[in-house]
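[1] Structure for the following, please:
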Amino acid sequence: MAALRLLLGIDYGTKQIGVAVGQAITGQARELCTLKAQNGVPDWDKVQALINEWKPDAIVVGLPVNMDGTPSDMSARAEKFSRKLNGRFGVTVYTHDERLTTFEAKGERMARGGQKGSYRDNPVDAIAAALLLQGWLDEHPELLNV
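    I've put the predicted structure just below:
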């Protein structure tokens, strides 16, 4: 397998999907955008546009598991979404434990100046995506082209 240079991270949700980008050369992930979803289904044209623009070597999708490590109700949906990404776009997809990333993202949003309005109006999904992608980058340096 070729070393990875650029990755997208996805915080999958039924209403919103957070997206982040990470680079092997810096070993850092940063938030990119939040896509709207209808019952977990994104606008696939927007996903295609992101893939065309960033040309990721792989995508890391957050896998929502319970605190004890067992699959959550959303785990199967996130895995199905991962398979769809791979099937539609032919890009390698990894999953990564995303326990507490949304909680951490809300804390980070507060640290940046507080939450204005609801999380629906001011989502933290892209921050959560960056946190989960950063976790994956930190745990898999052997796959990166550095």
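[2] elements contacting the host helix or strand of Leu8?
    Remark: Leu8 resides in strand 6-11, with elements defined by DSSP states H and E. Identification of packing neighbours for strand 6-11 by 3 or more CB pairs under 8 Å, 6 or more residues apart in numbering; DSSP states H and E yields strand 16-23, strand 28-38, helix 44-54, strand 58-63, helix 125-139. (C-beta placed from N, C-alpha, C; glycine too.)
[3] Would you mind giving these as TSV with mean neighbour count, distance to Asp73 and mean pLDDT added?
    Below are the helices and strands packed on strand 6-11 laid out as TSV (neighbours: other CB atoms under 10 Å; distance: least, CB to CB, whole Å; pLDDT from 0 to 100):
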stretch	mean neighbour count	distance to Asp73	mean pLDDT
strand 16-23	24	17	95
strand 28-38	17	16	95
helix 44-54	13	23	97
strand 58-63	25	12	96
helix 125-139	24	18	91
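[4] Now distance to His96 too, for these, in JSON lines please.
    Shown next, in JSON lines, are these (distance: least, CB to CB, whole Å):
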{"stretch": "strand 16-23", "distance to His96": "11"}
{"stretch": "strand 28-38", "distance to His96": "11"}
{"stretch": "helix 44-54", "distance to His96": "18"}
{"stretch": "strand 58-63", "distance to His96": "5"}
{"stretch": "helix 125-139", "distance to His96": "4"}
